[in-house]
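**Q** below is the sequence, then the predicted model.
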Amino acid sequence: MAVILVFFILAKTAIFYRSEYHHALNRVDEKQTLIKDMQQREKKVSQIDKEYSNRLQQALENVSQLEHSLSAGGRLQFAATCNRTHSTSGVDDATRARPDNTAERDYFTLRRRIEIARAQISGLQAYIRSQCLNEH
């Protein structure tokens, strides 16, 4: 009788530990799946960051090129007024309309900020589409 009782206890213990082992294996599989998913998301976010960082860098380089072109004598087209000197001969003053230095600096500062905001917004939209809405 004692042998049957010991056998019964051992069988119950074996069944319990086997069940716990299978639950642990399932949890490990779930964790591995979660880790793989997180790694894929991290790769995708890294790609988004790289793409939009490159776009931002290109946009800022374009603004710098425009600024250098203007400082080298190029033209920037926007509404400006001329300070005219009134001459008695009726001939227009030959100076071309040009914004003052502060206006030029402000213009390029705004262009840079617009490009930075545009890149940030585009990057955030791509992140939301790929990570939050799961659009691929």
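**A** That came in fine, so what should we check first? Numbering: from 1, shown residues only.

**Q** check which helix or strand covers the residue nearest the centre of the chain.
**A** Closest residue to the average C-alpha location of the chain: residue 123 at 3.4 Å, with Cα atoms, centre = their mean. Assessed by DSSP states H and E, residue 123 sits inside helix 101-127.

**Q** for this structure, what spans make up the helices?
**A** For the chain, the helices defined by DSSP state H cover 2-71, 101-127.

**Q** residue 134: which of those is closest?
**A** Among the helices of the chain, the nearest to residue 134 by Cβ to Cβ is helix 2-71 (9.9 Å). C-beta: built from backbone N, CA, C; applies to glycine.

**Q** tell me the contacts of residue 122?
**A** Contacts here follow Cβ atoms under 8 Å, 6 or more residues apart in numbering; on that basis residue 122 touches 52, 55.

**Q** pLDDT of stretch 108-115, averaged?
**A** Here stretch 108-115 scores 91 as its mean pLDDT.
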